[in-house]
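Generate coordinates for the sequence data below:
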Amino acid sequence: MVVAISINIERILNYPGLPERGLVTLLLLLGVLVVSLLLLEPGLSRTTVGIELLVEGVVITVTVAALTLRSRPHGEEESYLVSALVLAGIGTVPFVVAGVSFLAESGGGMTWVLTGFISAIVGAMINAWVLLVEILR
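All right, here's what the predicted structure looks like:
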């Protein structure tokens with residue numbers, strides 16, 4: 001990701017919305033790292049895990065959504081905004097669902113964490129591809 005941004009930094013900075021897309025990509029990966037580190041603490045109760053996941057999930061989801069909305073190029077179709085929000089949301093919302101699931105003590109808490117990890121990494125790789133290759137077209 002850092003290489004993709006570094007190689008194409010001038011083009012990224014000249015294209016409206018792409019700097020924010022780069023930040024969203026880094027935030028998706030940061031979300032995976034933060035959740036991984038939070039869950040490493042031994043002896044956490046289900047409630048503590050639920051609160052940590054919920055707070056991290058809400059913060060990252062709101063931040064990514066705000067950046068995505070702000071990065072929308074003027075005059076673009078609504079489909080651009082929808083696809084960008086879906087791509088960002090699939091990598092953040094599962095952590096919110098995981099937090100709620102842990103607090104409710106049902107609903108597959110760790111399955112949602114795994115879903116969040118996979119979705120965030122896939123979303124970040126799609127964005128990295130755009131920032132590395134598609135920008136050159």
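
Ramachandran angles for the residue of the chain positioned farthest from its centre?
Taking Cα atoms, centre = their mean, the residue of the chain most remote from its mean C-alpha position is residue 43, at 27.3 Å. Main-chain torsions, residue 43, degrees, to the nearest 10: phi 80, psi 20.

Report pLDDT for it.
Listed pLDDT for residue 43 reads 93.

ditto for residue 26
Reading off the model, residue 26 has pLDDT 91.

Now do the contacts for the most centrally placed residue in the chain.
Central residue of the chain (Cα atoms, centre = their mean): residue 28, 3.0 Å from the mean position. Residue 28 sits next to 64, 88, 91-92, 120-121, 123-124, 127 when contact means Cβ atoms under 8 Å, 6 or more residues apart in numbering. C-beta: built from backbone N, CA, C; applies to glycine.

make it 6 Å
By Cβ atoms under 6 Å, 6 or more residues apart in numbering, residue 28 lies in contact with 91, 120, 123-124.

I'd like to know how far it sits from residue 96.
Residue 28 is 14 Å from residue 96, where distance means Cβ to Cβ, to the nearest Å.

returning to what we had before: and the residue nearest to the centre of the chain, what helix or strand is that in?
For residue 28, the host element (DSSP states H and E) is helix 18-38.

buried sites along that helix?
Neighbour counts over helix 18-38 (16 or more other Cβ atoms under 10 Å) mark 18-32, 34-35, 38 as buried.

got it, and stretch 56-66?
Neighbour counts over stretch 56-66 (16+ other Cβ under 10 Å) mark 56-57, 59-61, 63-65 as buried.

can you check stretch 103-114 too?
Residues of stretch 103-114 classed as buried under the neighbour-count rule (16+ other Cβ under 10 Å) are 103, 109, 112-113.
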